[in-house]
Structures are given as C-alpha cells and as structure tokens.
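**Q** got a structure for you, letters missing:
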C-alpha cells in the first residue's frame, strides 16, 4: 500500500512540475504581450523564463532512463538556477525604481555584477565540476552532487536573495495607497514561489531530505502546488504595471489567459498521464483511448470556461460597477452597426417591392452633406451618374394616400418622407418605383407600407442616436485615457506622478481623433474653432502669420500636414497618391463621400478605411511639426 501511495505521489509531482513549467511559460508570454514596455514586467518575464527552464529540465530529467541524458537535463536546469538570483535582484530594483526611487548607480552596478556572476556560474556548471559534480539519487529523485565551489554559489545566492528582499521591503514602504500596498504585498509573498522552485535544496543540503520518502514526496507536492499559486499571485500584481486600462479589464484579461492557458493545458496533461498510467496497470499500454481523452478534456474545459466566464467575471471583478458594465455589454451586444442597418433596411425594401409590385425601391438618409443613398434594391439606382435627389418638399406633385400621408413624385419614383417618431423632422426618404406614373397599391397596401415606413424610421432614428453617442465617446476618450494614464502612473509614483505633465497627452492615437474632428470642419465649425489642437506650440507659432487668428493658424497647419502626405511629382489618380487625394477631395474641396469614392474607383467602405489611414498620416505629420517647433523653442535664446 505504501509503495502504491509513493508511486502516486511521484506521478502527481511529475504532473505538478509540468504544470509549473506550463504556468511559468504562459505567464511569461502574458507579461511580454500586454506590458512589455514596462521594466518591471520585462524583469518579471525573465524570472518566469528561469522558472520555466528549471521545471522543464526537471520534467525531462524525471522521464528519462539514461544517466547521461538525466545529467544533461539537470545541468540545463541549473542554467535557470544560476540566473534566478540575478533576475530576482533585477526585479526588486525595477520595483523600487517604479515607486519613485530610481537607482543612483550602485543598485544598477550590483545588478550588472550579479548577472556577470550568473554567467560564470553557468560556465562552471556546463564545462566543469566545480559547482555540481555527477548524479546523485535519493529514493526515486535524482540530483547533482555539490562541487568544490558550491559554497561560493551559496554565498552568491544568499547575497542576492537578501538584497532583493530588502529592495522589495523598501518598495512596499514607499507605497502610499491601500491598493498599491496590498498589491506590493502580493508581489512580496509571490516572490517566494521562484525561490521555492529554484533553490537546489538537494544539492545544497544533501540526500538527508530524502531519507523519509513519504514525507519528502508529500512536501514536494505542497511545494510544487504552492509555486503555481505564488507565480499567479506575482503575475496578478505585475499585470497592473505599465497599463492605463481599468483594473476590471486587467483582471478579466489575466483570468481568461490563466483559465484558457495553464489551467486547460495542465488539466489535459494530467488527464493524459493518469489515463496512460491506468492503462499500464490494467495491461493496456499505449491505449487508443488516450488521444480521445485529451481531445475530450480540452473541448469540455473550453466549453465550461465559456459558460462560466461571464458570471464569474461579473461577480468577482466588477464590484459596484456591475450595473454600468452590464449596460455597456448590452450596448455592445445590441449595437446597430451600419451593416446591421443596411441588412434590416434591405429586408424592408424587399417587402415593399413584394406587395406593391414595384421593381425597385431605395432609402436615402439626411446627412451632413445632404441626402445620401443608404440602401437600394432592384435594378434602378436613383443616384446613378452622380445625380442629386430632389428637394424634400414638392407640393405641386404631392398626393395624399390614406395612412401614408403625403407622398411626392420624382421622375419614375414616389417618395415617402421618413420622420422621427413623434416628430415632424424628416430624417430620410423611402422611394418606390412607380409604373406609368401611378402608385400600384391599394388602401390596405398603403397601411402595410405605412407600417414598414415607420419601422424604417425607427431604425434610422436609433442609428442617429448611436451616432450622437459615438461623437460624445470620441470627445470623451482622450480625456478618459489621460486620466487613466495618470491613475496608472500614480499607483506607485505618488505626488510626482500626479503633478508632473502627463506623457502622451498628444499621443498619435489621441491626435488622430482630434485631427479627424478638425478636418471635418476644415472651412469652419465648432470642431475647428474649439479644437484642443489650438493649444499646440506649432499652431501658436503660426498665429503671427495669420493676424493672431487661431482658427486660420490651425487651418494652415492642417494644410501643411496634408501637403506632407503628398508624394513628389505631378498629381495622379494612382495608389501612391491615394491618401493625399482622399484628404484633398474630402476635406479641402469638401466633396461628398459618394463622389470621392466614384472618382477614386473604390467602395465607400474601402474609402472610409483608407481615410482613417490618411488621417493617421496627417496626425504623424503634426506630431513631427510639433517636435520641430519645440526644438526651435528650446534652441532660441531667452528674451
């Protein structure tokens, strides 16, 4: 019975070792993916890389029977062990610097010396027997015997761990808010995990640890299980460094990453090992059930995570904001996009053509530039050739058709105004092709057509409301991003982070939205006259040339930025000139979207995509102009 229990503990430890390697590698990818620009995250990623190497070598050494191969994998494991003290010291230095206590040179020098000693340790392990020497075994666990200079490595390890702990404690004391202190304490406790997994206790202490196999294997189970938990705790604390998104988004993103990565992979691996060992016990080695078990476990876990994730996130991460987040998710799920609107309106037009017998119909909406065709069915395009739709009011051609109210004749179409519900404001037109100039529907058909027209009006009204919401969001996003950046900087930075100028206030992403608004009112309008771009140094410098008129100065800067997008040579309608032609025709010449799309031989959807790229190019040009203006101001002699 004892032998069976020990065998089960050894298998469980192998599973835990593999799970820790998977967890460390997955969290390393997370740190490098979402906040790789932050020094703390990069240092933590190196720590996780060392832990991955340690457990990877341990797993392969435990599944190999050849002594030479076992020793090779254990020496590879020692590469991670040799670098672990240095990267922990590096991480502690980065954490202390993030709290507003940057190194004055001594800590950086200590980190560099430590990395140099780690390189020497790797060389000693790989090419000599000075630090480790030959295989040893206690029970079923193999390790490397200590070499003659193991005491020197022990001093190096202890020195780095002590100073790393001192730096972590200093960083904790510099945290001012309750949240930052709590997360820093998580990080301090979590740092025990790499130490538990990386310190070679058997090599340093000797085989005395394995004299009681049951106690030894049981302690390994708790140790390896604790390492996984502590690594996740560290990852949770580090995930907030260098990001300016809300905390709930960080939690949700990390939760999904862990559940779909380490949890699923480790569970599939554990199931595979258990099924395989069970097959060996009953005399069915290499059973064909194993691959089906792997696939079934993978699919089942993904299914359960998908079902449980929204509820778990709502109750664990949203807190008092649960109601607001639910509203935002509902808006995201029920949002009426342009594609959804066209699809719905096409269905209405098809129904109109079915019961009226009309061959064609269309819906046009009232936009900023007048009437624009939204959707049409049938062979007749009422705007073919670039013709404009007629005026909304044509009383001499008006007819009253029962529940439809007043309709107007235009060429071979009858036009029905679409009005906002409970309002007389016209937001669009429903056009139905007539036959011989007469509407081909009866009184009962008119009632059905009135219902369809009302539903089209409701859809257009909802779309207009959404556009208003989006315009508010476009104005709000730069301000919210600025506050989020300042909040992120102040997590550990204190007063200096809150009072210093926020970096990236005019970042490329923010500036592109402001440029888009200003170009939309290029020849006059509130988005130009009230634009935050007026505060740019390059605009202020241009006011002398425009009689202290800030609007004209901003317009000239936008014009110069557009000219910077212009390719060299004579203007053409080629792909090279695409961005410049869009900017010139759409904003400077003020042409309609449809006209620009026809002139450039592209769809309106493609035009909008290219227009976004063109606006980003203008934003980059303005950023460069602003840098040049700042450089000139810095070089100018004081007045």
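**A** The structure has been received and is ready for your questions. Model, not experiment: these values are computed from the prediction.

**Q** quick one: least confident helix or strand in the protein?
**A** In the chain, the helix or strand scored least confidently by mean pLDDT, DSSP states H and E is helix 495-499, which has a mean of 44.

**Q** just checking, what packs against the next helix or strand after it?
**A** Counting by DSSP states H and E, the next helix or strand C-terminal to helix 495-499 is helix 508-520. Judged by 3 or more C-beta pairs under 8 Å, 6 or more residues apart in numbering; DSSP states H and E, the packing partners of helix 508-520 are helix 443-493, helix 526-529, helix 550-565, helix 604-635. In short, each C-beta sits where N, CA and C put it, glycine included.

**Q** report the mean confidence score over helix 508-520.
**A** For helix 508-520, mean pLDDT rounds to 77.

**Q** in that helix, which residues are buried?
**A** Buried residues in helix 508-520, counted by 16 or more other C-beta atoms under 10 Å: 510-519.

**Q** let's have those residues in CSV, adding distance to residue 561.
**A** Below are those laid out as CSV (distance: C-beta to C-beta, whole Å):
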residue, distance to residue 561
510, 16
511, 10
512, 12
513, 15
514, 12
515, 8
516, 13
517, 14
518, 10
519, 10
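
**Q** of those, which is the nearest to residue 548?
**A** Nearest to residue 548 among those, counting by C-beta to C-beta, is residue 518 at 19.0 Å.

**Q** show me the contacts for the closest one.
**A** Contacts here follow C-beta atoms under 8 Å, 6 or more residues apart in numbering; on that basis residue 518 touches 527-528, 531, 533, 554, 558.

**Q** 10 Å instead?
**A** For residue 518, the contact set (C-beta atoms under 10 Å, 6 or more residues apart in numbering) comprises 525, 527-534, 551, 554-555, 557-558, 587, 615, 618, 622.

**Q** what's the spacing between residue 613 and residue 606?
**A** Distance, residue 613 to residue 606, by C-beta to C-beta, to the nearest Å: 11 Å.

**Q** count of residues packed around residue 591?
**A** Counted with other C-beta atoms under 10 Å, the neighbours of residue 591 add up to 16.

**Q** where does the closest residue to it other than its chain neighbours land on pLDDT?
**A** Leaving out its chain neighbours, the residue that sits closest to residue 591 by C-beta to C-beta, 6 or more residues apart in numbering is residue 585, at 4.8 Å. With respect to pLDDT, residue 585 scores 89.

**Q** same question, residue 406
**A** 67.

**Q** same check on residue 411?
**A** If you check residue 411, the pLDDT there is 69.

**Q** and if you look at the one 5 residues further on?
**A** You'll see residue 416 listed with a pLDDT of 82.

**Q** which parts of this protein belong to which domain?
**A** As assigned by automatic domain parsing, the chain contains the domains 2-244, 246-331, 338-465, 508-635.

**Q** mean pLDDT lowest for which of the ones you listed?
**A** The bottom spot among these, by mean pLDDT, belongs to domain 338-465, with a mean of 72.

**Q** any idea how far apart the tips of that one sit?
**A** 13 Å (C-alpha to C-alpha, to the nearest Å).

**Q** over to stretch 585-601?
**A** 14 Å.

**Q** buried stuff in stretch 299-318?
**A** By 16+ other C-beta under 10 Å, the buried positions in stretch 299-318 come out as 301, 305, 313-314, 317-318.

**Q** no, scratch that, I was asking about stretch 42-55
**A** So, applying 16+ other C-beta under 10 Å, buried residues of stretch 42-55: 42-55.

**Q** ok, so of those, who is nearest residue 12?
**A** Nearest to residue 12 among those, with distances taken as C-beta to C-beta, is residue 55, at 14.6 Å.

**Q** which secondary structure element contains residue 373?
**A** Here residue 373, judged by DSSP H and E, is contained in strand 370-377.

**Q** which SSE is residue 275 in?
**A** Here residue 275 is assigned to helix 264-281, by DSSP H and E.

**Q** helix or strand next in line after that helix, which one?
**A** Following helix 264-281 toward the C-terminus (DSSP H and E): helix 289-316.

**Q** let me know the angle separating that next one from helix 264-281.
**A** The directions of helix 289-316 and helix 264-281 differ by 150 degrees, with axes from the mean of the first three to the mean of the last three C-alpha atoms, to 10 degrees as the criterion.

**Q** what helices or strands is helix 289-316 leaning on?
**A** Helices and strands touching helix 289-316, by 3 or more C-beta pairs under 10 Å, 6 or more residues apart in numbering; DSSP states H and E, are helix 247-258, helix 264-281, helix 322-334.

**Q** buried residues, the longest one. List them.
**A** Taking 16+ other C-beta under 10 Å as the basis for neighbour counts, the residues of helix 264-281 that come out buried are 264-273, 275-276, 279.

**Q** would you mind putting the residues you listed into JSON lines with distance to residue 221 alongside?
**A** Below are the buried residues of helix 264-281 laid out as JSON lines (distance: C-beta to C-beta, whole Å):
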{"residue": "264", "distance to residue 221": "22"}
{"residue": "265", "distance to residue 221": "20"}
{"residue": "266", "distance to residue 221": "15"}
{"residue": "267", "distance to residue 221": "17"}
{"residue": "268", "distance to residue 221": "20"}
{"residue": "269", "distance to residue 221": "16"}
{"residue": "270", "distance to residue 221": "13"}
{"residue": "271", "distance to residue 221": "18"}
{"residue": "272", "distance to residue 221": "19"}
{"residue": "273", "distance to residue 221": "15"}
{"residue": "275", "distance to residue 221": "20"}
{"residue": "276", "distance to residue 221": "20"}
{"residue": "279", "distance to residue 221": "24"}
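
**Q** quick one: which of those residues is nearest residue 412?
**A** The closest of those, once distances to residue 412 are taken by C-beta to C-beta, is residue 264, at 62.0 Å.

**Q** show the contacting residues for the residue nearest to that closest one when sequence neighbours are not counted.
**A** Nearest-residue entry for residue 264: residue 301, 4.9 Å, with adjacent residues in sequence omitted and distances by C-beta to C-beta, 6+ apart. Applying C-beta under 10 Å, 6+ apart to residue 301 gives the contacts 259-260, 263-265, 267-268, 271.

**Q** and those as CSV, adding distance to residue 115?
**A** Shown next, in CSV, are the contacts of residue 301 (distance: C-beta to C-beta, whole Å):
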residue, distance to residue 115
259, 35
260, 34
263, 33
264, 35
265, 31
267, 37
268, 37
271, 40
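
**Q** go through the residues you listed and name the one nearest residue 449.
**A** residue 260 (50.8 Å).

**Q** that closest one contacts residue 26, correct?
**A** Yes. Using C-beta atoms under 10 Å, residue 260 is in contact with residue 26, at 9.4 Å.

**Q** if you count surrounding residues, which of those two has more?
**A** Each of residue 260 and residue 26 has its neighbours counted (other C-beta under 10 Å); residue 26 has more, 22 against 16.
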